[in-house]
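Asker: predicted model follows, preceded by the sequence.
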Amino acid sequence: MSGPSIHVERLVFAYPDGRQALYGVDFTIQRGERVALLGPNGAGKTTLVLHLNGILGSVAGGSGSGRIQIGGSDLHREHLPEVRRKVGLVFQDPDDQLFMPTVRDDVAFGPANLGLRGSELEDRVQEALVQVGMQDHADIAPHHLSYGQRRRVAVATVLAMRPEVLVLDEPSSNLDPASRRELADILSGLDVTLLMITHDLPYALQLCERSLLMDAGRIVADGETRDLLGDAELMAAHRLELPYGFDPLSVPGPER
Amino acid sequence: MSGPSIHVERLVFAYPDGRQALYGVDFTIQRGERVALLGPNGAGKTTLVLHLNGILGSVAGGSGSGRIQIGGSDLHREHLPEVRRKVGLVFQDPDDQLFMPTVRDDVAFGPANLGLRGSELEDRVQEALVQVGMQDHADIAPHHLSYGQRRRVAVATVLAMRPEVLVLDEPSSNLDPASRRELADILSGLDVTLLMITHDLPYALQLCERSLLMDAGRIVADGETRDLLGDAELMAAHRLELPYGFDPLSVPGPER
Amino acid sequence: MSGSAGDGLLVVVDSRIHRLPAQVKIVALFVFVLAVVSTPAGVFWAFALYAVLLAACVALAKLPVATVMRRLAVETPFLVFALVLPFVATGPQIDVLGVSVSESGILGSWNVLAKGTLGVVAAIVLSASTAPRELLAGLERLRLPSTLVAILSFMIRYLSVVSDDLHRMRIARESRGYAGGRAGHLKAVAGGVGALFVRSFERGERVHLAMQSRGYTGRMPQLATSGAARNQWLEGLTISLLAVLIAVTARVASL
Amino acid sequence: MHVPDGFFDAPTSIATGLIAAGAVGFSLQRANREIRETGPALAGLTAAFVFAVQMVNFPVGAGTSGHLLGGALAAALVGPWTAVLVMSTVLLVQGLLFADGGLTALGTNITLMGVVTVIVGYFVTRALLKALPKRVGSVVPATTVGALISVPVAALCFTGLYVIGGAVDIPLGKLATAMVGWHILVGLGEAVITAAVLSAVVATRPDLVYAARHLQADLVLVDADGNTSTVSPDKPIAAKPAGRSFGVGVAATLLVAGVVSLFASAHPDGLEFVGAKLGFESAAKDSAVAGSPLADYGVSGIGNSQVSGALAGIIGVLVTIAVGLAIAKIASLRSSARAEQTDLMQS
Ligand SMILES: Nc1ncnc2c1ncn2[C@@H]1O[C@H](COP(=O)(O)OP(=O)(O)OP(=O)(O)O)[C@@H](O)[C@H]1O
Ligand SMILES: Nc1ncnc2c1ncn2[C@@H]1O[C@H](COP(=O)(O)OP(=O)(O)OP(=O)(O)O)[C@@H](O)[C@H]1O
Ligand SMILES: [Mg+2]
Ligand SMILES: [Mg+2]
């Protein structure tokens, strides 16, 4: 794979009901970078990341314009299956992500589509379940899990595919604090390009050296996470606030 | 209403597929208290609160035993409509809460069931929407909102009913930091009994003077939030961790 | 939330009939129903034998009798029809307990009742022993056109989405003080049906997209069941072939 | 309106089976275009929805059950061809899994509930859309009227079929009055539900309504530099009614079916003829109860037409299946390989 992992240029998009959600988005993420995507509710973050593997946007038959490149090549209708293999997407709502009768089947779905079979498939599934601590729930129906457990399975379904680019939409919400830390440990141990939407600013600081700040369908800031979080004026303008008593300089930030 | 707001005694419950989720829960919440319900994923928190207005449990035809009193009187099948008027429940998944074609209709649904009509109803709806900052989205279909916006509307639907007891299942997840603080401000300004599930421990400390800690279907600790969060051993035993660099003693805690 | 319709009508036990490939069961069902339908209504012993065969099937599939009985309720409209027939049909009339009823109507009534019931029970055995996904794979194996299979598979998946959403809506309504039934709420209910459609569609759409983003290309990975072996066909069709035998005998006997 | 086994005689079952097979085969061929636009997901959801709504089933006098049919709604949402497939799928599942409607009467059920309601509903909708203001919203009243009309028309077709091939003699007047009268009521219910669903869809996802795609307003987009541009939402290729080819297809199947059923009604003993052709005339010769009114009716009757009638029934079903599969095979060979890979998967 040559070229930047993700390159987005002048991306514009409106939902079928006529509401425009993206007003020209530009950014580039290099291979191996870890980037946080921050911004208030309704900024267009989810809409943006759903474009990255062709789920929304003109390749999917929607109305919009602009250009998206994954690994240096344009997103085209014909390449979609391949792109979807490279870009793993964890949805904001785990119920959208889980559809098979058991947790095991659900985690196996992706790797099986990649052609894995037999014990190789089983190992892959088992490994992903252990990573998120759900190995004891493999034979349960996903909709019989608690919300946080479902979120963990949703992460596992994507980890099991070993994507080159990992896109996560608020992966830490509804997780208990220990799971949250464990997820951070897993993510920082992976050798992938990472784009993570989050409202948990300390979490972003801990995991991602760089951040994109989005508001009203545009990228309004792009820089080091620490700098962004330290810019009180910028933060206040876009409904971002650090938790009470939290000092961005006090945290070591991601080690690379 | 006499007696404690919520009184739960020896509550046991198993889901229809045979998984037991509650193994004997006991606690009492007095009128006007604000209590946080903490615990790891899958502890049974959601299952517990769904009992409080008769959605799960023996009154709803499920399998379980034990006793629940709301405002001093036992939860009975015949009283359910009345109890549901008193106890407002914000679900963990906003999609479970919103079902009407527009945001306005959805917020109006509850008060209309209480008998409100005309301008009184409109005022109530408008007020609730303003409280969560969604007044500009009143005529949109709820499923066309962003996740965080849906959560805000879900909170508004319950606020509009002005319940005496407010039960919230992770109300702050997926909210942007400013909305999170605004919600805290609203909640601390209400004169209600409050029971709030959350994984955000500083948020619990900020809002609730008392906490219940739940694990594996039982209440394992009940006390002042500050004391609970300061008990490192207890916390570690139940997958709770304070965020990096956060000191429970540094935060003023709720003012009463 | 609560149980979804994902497993449909499947009764989860392990039995010989559960293990048969779906395509075998579908063919067996068709053959059986054809045999039943082609049996003259007047040959009562044949219907008794069919009933015995079916009872054996139910036992083999380890289905609770109560479940089968409950699902027979589908038949109620036929039942009403059958009961009305003798009174509305024309033709020679006979007296039964002082009431004049049509002779052909009585036979027609018996005809619909017997054949209908046997058909329903046979279909219940199929649906209670076959998961929807297997059924789909079976139809695919039987060369149902792929467009129909695609619609069918989405239909089966959406059924659980729709019923889940219906369930969520009911809970959401009740927890906000909805008592139901009053005329004032009619608007809410009608609006609810429309919202339900869009909402289930959009959820289904997102699930579909989630499947695609994990490499789905139109065929479930483990779905394609292997072809049925000859002995499986033989095993599965035994009862249907017996039914055919009965049908032929009944024909010959009634000449 | 689900017809049980043994309700109609064999020739009628064969004839309606042929109509159904023809319609399904032809729709399969045509639907690829619609499915390319709407995706199989919408068709699947419509099927699930129709199925769910049809579960509300209540018995009616004179031998049938009444419930919502959904043909007009399906046609408006996914277009007429896909709608025929959707309704057929629903009926197939009902027959196979719920025994709702006899398996041997599948052809009749598809014809009445899957083909007639869709055609009537869709053509009324299209005709009204021409007269109404050119807005997406117009599709709601248009389809509502389509739904209202489609149900009694289907009931009328049912009565017509009964005149030709009812298994038990019921006075025609009673039947027609009961059927049409009741189904006007059912049609009202159908209209209400159709209006509710369509107005919700039009309000939030106008792009999902096939019948109104050509009426959709342009979207205004603002780009990075603040310039506005308008884009038209994907203009449908086939928004004009599926005119001539549809007519030809329907006419052809009606002709075949008509000949068969005319033949059947003109010759009450036509079944014997079929039997004779197949070499079973000796078996059919002896007539135990010749002259009984029942002798004229095939499958369920007793007497001389027994063997031939039953055989005809079996043949009917087999022919239905064979014809359906053959047509489908041809259709899918031609287009599905292509359409499937490029369209179904990516929509
Ligand atoms: N299906 C939809 N149809 C129409 N409009 C939509 C749809 N989904 C989202 N929107 C609108 O698009 C805008 C962006 O939504 P998006 O979900 O991308 O926000 P977000 O940044 O992910 O917010 P959150 O942090 O709350 O998840 C919002 O104004 C929302 O109302
Ligand atoms: N519908 C269901 N059917 C069967 N078991 C269920 C169901 N819902 C939850 N459970 C099980 O009950 C237990 C408690 O679930 P519950 O949803 O109450 O947890 P929770 O404390 O709310 O967790 P979270 O913090 O993840 O939301 C879990 O083990 C879960 O797997
Ligand atoms: Mg989002
Ligand atoms: Mg929970």
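Answerer: Sure thing, it's come through. Numbering: from 1, shown residues only, chains lettered A, B, ... in the order given. Ligands and ions are numbered 1, 2, ... in the order given.

Asker: I'd like to know how many residues surround the closest residue to chain C within the stretch 151-300 of chain D.
Answerer: With C-beta to the nearest C-beta as the measure, residue D:200 is the residue of the stretch 151-300 of chain D nearest to chain C, at 2.5 Å. For the C-beta atoms, the positions are set from N, CA and C on the backbone; glycine is no exception. Residue D:200 has 23 neighbours, counted by other C-beta atoms under 10 Å in any protein chain shown.

Asker: same question for residue A:193.
Answerer: For residue A:193, the count of nearby residues is 25 (other C-beta under 10 Å).

Asker: what's the residue nearest to it when sequence neighbours are not counted in contact with, if anything?
Answerer: Leaving aside its chain neighbours, residue A:193 sits nearest to residue A:5 (3.9 Å; criterion: C-beta to C-beta, 6 or more residues apart in numbering or on different chains). Neighbouring residues of residue A:5 by C-beta atoms under 8 Å, 6 or more residues apart in numbering or on different chains: A:29, A:30, A:31, A:32, A:33, A:70, A:71, A:164, A:165, A:193.

Asker: of those, buried ones?
Answerer: For the contacts of residue A:5, a burial check counting by 16 or more other C-beta atoms under 10 Å in any protein chain shown picks out A:29, A:31, A:33, A:70, A:71, A:164, A:165, A:193.

Asker: of those, just say which sits nearest to chain C.
Answerer: residue A:165 (11.8 Å).

Asker: flag every residue of chain C that's near ligand 1.
Answerer: Contacts of chain C with ligand 1, taken as C-beta under 6 Å from any ligand atom, are absent.

Asker: list the buried residues for stretch A:31-40?
Answerer: A:31, A:33, A:34, A:35, A:36, A:37, A:38, A:39, A:40.

Asker: quick check, stretch A:56-68 touching chain D?
Answerer: Yes - among the residues of stretch A:56-68, A:60, A:61, A:63, A:64, A:65 lie within reach of chain D under C-beta under 8 Å from any C-beta of the partner chain.

Asker: now, among those, which is nearest to ligand 4?
Answerer: Taking C-beta to the ion as the measure, ligand 4 sits nearest to residue A:60 out of the residues of stretch A:56-68 next to chain D, at 32.6 Å.

Asker: so that closest one touches residue A:68, yeah?
Answerer: No - Residue A:60 is beyond contact range of residue A:68, at 11.4 Å (criterion: C-beta atoms under 8 Å).

Asker: you'd agree residue A:88 is in a strand?
Answerer: Yes - looking at residue A:88 with DSSP: H, G, I helix; E, B strand; the rest coil, it is inside a strand.

Asker: and the spatially closest residue to it that is not a sequence neighbour, what helix or strand is that in?
Answerer: Leaving aside its sequence neighbours, residue A:88 sits nearest to residue A:163 (C-beta to C-beta, 6+ apart; 3.1 Å). Taking DSSP states H and E as the definition, one finds residue A:163 inside no helix or strand.

Asker: what's the burial count for residue A:163?
Answerer: Residue neighbour count, defined by other C-beta under 10 Å, stands at 22 for residue A:163.

Asker: same question, residue C:69
Answerer: For residue C:69, the neighbour count with other C-beta under 10 Å is 11.

Asker: does the helix or strand harbouring it reach chain B?
Answerer: Element membership of residue C:69, judged by DSSP H and E, is helix C:65-71. No - shown here: helix C:65-71 not in contact with chain B (C-beta under 8 Å from any C-beta), separated by at least 15.6 Å.

Asker: flag every buried residue along that helix.
Answerer: The neighbour-count check on helix C:65-71 (16+ other C-beta under 10 Å) flags C:68, C:71 as buried.

Asker: for stretch A:192-211, same thing?
Answerer: Quick answer for stretch A:192-211 (16+ other C-beta under 10 Å): A:192-211.

Asker: returning to what we had before: from the buried residues of stretch A:31-40, which two are the most distant?
Answerer: Spanning the widest gap among the buried residues of stretch A:31-40 are A:31 and A:40, at 29.3 Å by C-beta to C-beta.

Asker: could you list the low-confidence segments of chain C?
Answerer: Low-confidence segments of chain C (pLDDT under 70): C:1-8, C:74-82, C:84-101, C:179-192, C:217-227, C:255.

Asker: which bits of chain D sit near chain B?
Answerer: Counting by C-beta under 8 Å from any C-beta, chain D sits next to chain B at D:200, D:203, D:204.

Asker: any idea whether the second one is helix, strand or coil?
Answerer: Counting by three-state DSSP, the backbone at residue D:203 sits in helix.

Asker: can you check the pLDDT for it?
Answerer: Residue D:203 is assigned a predicted lDDT (pLDDT) of 81.

Asker: count of neighbours near it?
Answerer: 19.

Asker: again with the last one
Answerer: A count of neighbours around residue D:204, defined by other C-beta under 10 Å, yields 26.
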